[in-house]
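Asks: how would this look folded up:
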Amino acid sequence: MYLAGIWVPDSEVLALADRVEEPTRYELTRAVRAEAVVIHLTIADRERLLRALGDPSTKELRELREVLERELDWRRRDRSGLTQLSAASVRARYARPLGIVCGECGCRSETGAGWIALLGHDPDDDAVTPEVIAFCPVCASREFRMTMKLAETYT
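Replies: Residues are numbered from 1 along each chain as shown. The predicted structure is shown next:
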């Protein structure tokens, strides 16, 4: 069964269910009995699982603990900003102009046909967040030595 995107054998899920608080215990046990492949975990379920994991004995449970810890860290960092946003500010924050802009020459395209997008980051500065950079077919052919015909087939 998949817990938080990590495959965990049913036997491990049942052993974990014995250590976790209700109602998560019931949900895990019910999912194993129903032979579920994926179980939906609420934030509260995830926090209960993290507390119950303690010192995981298997690779799958260690990986599950790492994922749950990263999620918890993310929620702690982002919680104050998310809880104070109004619906209008959320729309404004995530509103994007239609189309795509070339990171090299600045030209725009509504469809992005023939463009490529790469994850760009500074290998010398880990503090800078990586971002997706799009390149039009002309710039992609120049920057990455792709033939124009090949560049046009990328989307």
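
Asks: now the helices for this protein?
Replies: 10-19, 24-33, 43-53, 59-83, 87-94, 137-143, 148-153 (DSSP state H).

Asks: In CSV: those helices, plus mean neighbour count.
Replies: (Each C-beta comes from the backbone N, C-alpha and C, glycine too.) Below are the helices of the chain laid out as CSV (neighbours: other Cβ atoms under 10 Å):
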stretch, mean neighbour count
helix 10-19, 15
helix 24-33, 17
helix 43-53, 17
helix 59-83, 13
helix 87-94, 9
helix 137-143, 18
helix 148-153, 14
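
Asks: for those, which one sits closest to residue 107?
Replies: For residue 107, the closest of the helices of the chain is helix 137-143, at 8.1 Å, according to Cβ to Cβ.

Asks: Run the chain-centre distance for the closest one.
Replies: 29 Å (Cα atoms, centre = their mean, to the nearest Å).

Asks: Endpoints of stretch 6-13, how far apart?
Replies: The first and last residues of stretch 6-13 sit 11 Å apart, counting by Cα to Cα, to the nearest Å.
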